[in-house]
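Peer 1: One predicted model, sequence on top.
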Amino acid sequence: MEVLRPDDHLDPDFELPVSADPATFAPPLPTASGSQVSGGVDKTGDRVRGMFAEIAPRYDLANRMLSGGIDVLWRRATVRRAPPPAAGAILDVCCGTGDLALAYAAKAGPNVRIVASDFCRPMLDRGAEKGARAGRPIEWVEADAMALPFPDATFDLVTVAFGLRNIADTSRGLAEMARVTRPGGRLAILEFSLPRSALIRHGYLWYFRNVLPRLGNALARNRSDAYTYLNQSVEEFPSGERLAAVVRAAGYEAVTMLPLTFGIATLTIATRAATAAASAGAAVNG
Ligand SMILES: C[S@@+](CC[C@H](N)C(=O)[O-])C[C@H]1O[C@@H](n2cnc3c(N)ncnc32)[C@H](O)[C@@H]1O
C-alpha cells in the first residue's frame with residue numbers, strides 16, 4: 001500500500017492517497033458486541049455526555065490552547081479534502097460546539113443544507129450561538145449518533161471530527177452514518193491517532209499521558225477527568241487498516257487515510273458503496 005505523506009495542512013496541493021496505510025496501528029478493533037466499555041475506557045452515553053456538558057463552556061479555549069491552534073488547520077484540511085457538494089446536504093455528527101459545521105458553512109454555497117448533530121445539549125447550544133453569529137443557517141439537532149433521526153440516503157457528505165472515538169459502539173455509529181449517506185456520497189472522519197515514527201511517538205506519548213491530562217483538566221476546569229479520558233480513548237482506538245476495515249464493514253469503500261501533523265491526527269475519507277451495505281454494518285455489530 002502507498003505510504004502517505006504527513007502534514008497535509010502544510011501542503012495545499014497534496015493529493016489524496018488511494019489506499020489505507022496499514023502501518024499505523026496496534027490496538028484491537030472496537031467490540032462488535034455493543035459493549036460500552038472499550039479497551040477499559042468507559043464510554044457509556046451518560047458518562048460521555050456528562051463529561052462534555054461539564055467542559056462545554058471552555059471546550060473551544062482548551063482545544064485552541066492544547067493544540068496550539070492546529071485543530072483549526074485540521075478542520076480546514078477536512079473541508080478541502082472532502083469539499084461540500086455544489087448542492088445537497090451535509091451532516092456533521094458529534095458536532096460539539098460546531099467548529100467543523102461552521103467551517104463547512106463558510107465554504108458551502110446557498111444550495112447546501114448543513115445539519116449538525118450531537119447528544120450533548122450544552123455543546124450544541126454553544127454551536128448554535130456561534131452559528132447565529134456567523135449568520136449562516138445550520139440546523140442543530142440533538143441526537144445520538146447510534147440512532148440518527150434522518151431518513152436513509154439523506155446526505156451527500158457525512159463528517160465526524162474527534163467524535164467517532166467517543167461513540168460507545170463504533171460499528172453501530174458508522175452503520176448509522178452509512179445509512180444516512182446517499183450511495184456515492186462521502187464520509188470524512190477526522191480523529192486523533194498516534195505518530196508512526198517511534199521517536200516522535202515516544203515523545204508524544206509522554207506529553208499525552210503526563211502533561212496533556214493535567215493541563216486539559218485544569219484549563220477546562222472539570223472534575224470528570226475529561227482529558228485523562230481523551231488520552232485513554234485515543235490510545236485504545238483503532239487507526240490505520242483496522243479503522244479502515246470497520247469503515248468498509250459499515251458500507252463504505254475507497255477508504256483513504258491522510259496523516260496530519262506527524263500522524264497526531266488522521267483524516268479518513270470514504271465513499272458510500274452503491275449497494276445497500278447498512279446490513280454489512282449491522283453484521284459487524286452482531
Ligand atoms: C471531542 S468532541 C468533538 C466536537 C467537534 N466535532 C469538534 O471537532 O470539536 C466529541 C463530541 O462527540 C459527542 N458525542 C459523543 N458520543 C456521542 C453519541 N453517541 N452521539 C452523539 N454525540 C456524541 C460529544 O457530546 C462531544 O460533543
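Peer 2: All right, it came through fine.
Peer 1: does the closest residue to residue 89 other than its chain neighbours count as helix, strand or coil?
Peer 2: Closest residue to residue 89 apart from its sequence neighbours, by C-beta to C-beta, 6 or more residues apart in numbering: residue 113 at 4.2 Å. (C-beta placed from N, C-alpha, C; glycine too.) Counting by DSSP: H, G, I helix; E, B strand; the rest coil, the backbone at residue 113 sits in strand.
Peer 1: just the one 4 residues further on next, same as before
Peer 2: The three-state label given to residue 117 by three-state DSSP is strand.
Peer 1: Now do the same contact list for it.
Peer 2: 91, 92, 93, 94, 95, 140, 141, 142, 143, 145, 148 (C-beta atoms under 8 Å, 6 or more residues apart in numbering).
Peer 1: switch to 6 Å and redo it
Peer 2: Listed by C-beta atoms under 6 Å, 6 or more residues apart in numbering, the contact partners of residue 117 are 93, 141, 143.
Peer 1: Could you report the distance from the first one to residue 188?
Peer 2: Here the distance between residue 93 and residue 188 works out to 10 Å (C-beta to C-beta, to the nearest Å).
Peer 1: Neighbour count for those two, which is higher?
Peer 2: A count of neighbours by other C-beta atoms under 10 Å puts residue 93 above the other of residue 93 and residue 188, at 31 against 22.
Peer 1: Tell me the spacing between the more buried one and residue 185.
Peer 2: Distance, residue 93 to residue 185, using C-beta to C-beta: 13 Å.
Peer 1: what does residue 259 give?
Peer 2: Counting by C-beta to C-beta, the gap from residue 259 to residue 185 is 24 Å.
Peer 1: Looking at the stretch 51-200 of the chain, what residue ends up closest to the ligand?
Peer 2: residue 96 (2.3 Å; C-beta to the nearest ligand atom).
Peer 1: Return the alpha-carbon coordinates of the lengthiest strand in the chain using CSV.
Peer 2: In the chain, with assignment by DSSP state E, the single longest strand is strand 181-192. What follows is strand 181-192, C-alpha atoms only, in CSV (Å, rounded to 0.1, in the frame of the first residue of the first chain):
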residue,chain,number,x,y,z
THR,A,181,-25.2,8.8,3.4
ARG,A,182,-26.5,8.6,-0.2
PRO,A,183,-24.9,5.9,-2.4
GLY,A,184,-21.8,7.6,-3.9
GLY,A,185,-21.8,10.2,-1.1
ARG,A,186,-18.8,10.6,1.2
LEU,A,187,-17.7,10.1,4.8
ALA,A,188,-15.0,12.2,6.4
ILE,A,189,-13.6,11.2,9.8
LEU,A,190,-11.1,13.5,11.5
GLU,A,191,-9.6,11.7,14.5
PHE,A,192,-6.6,11.7,16.8
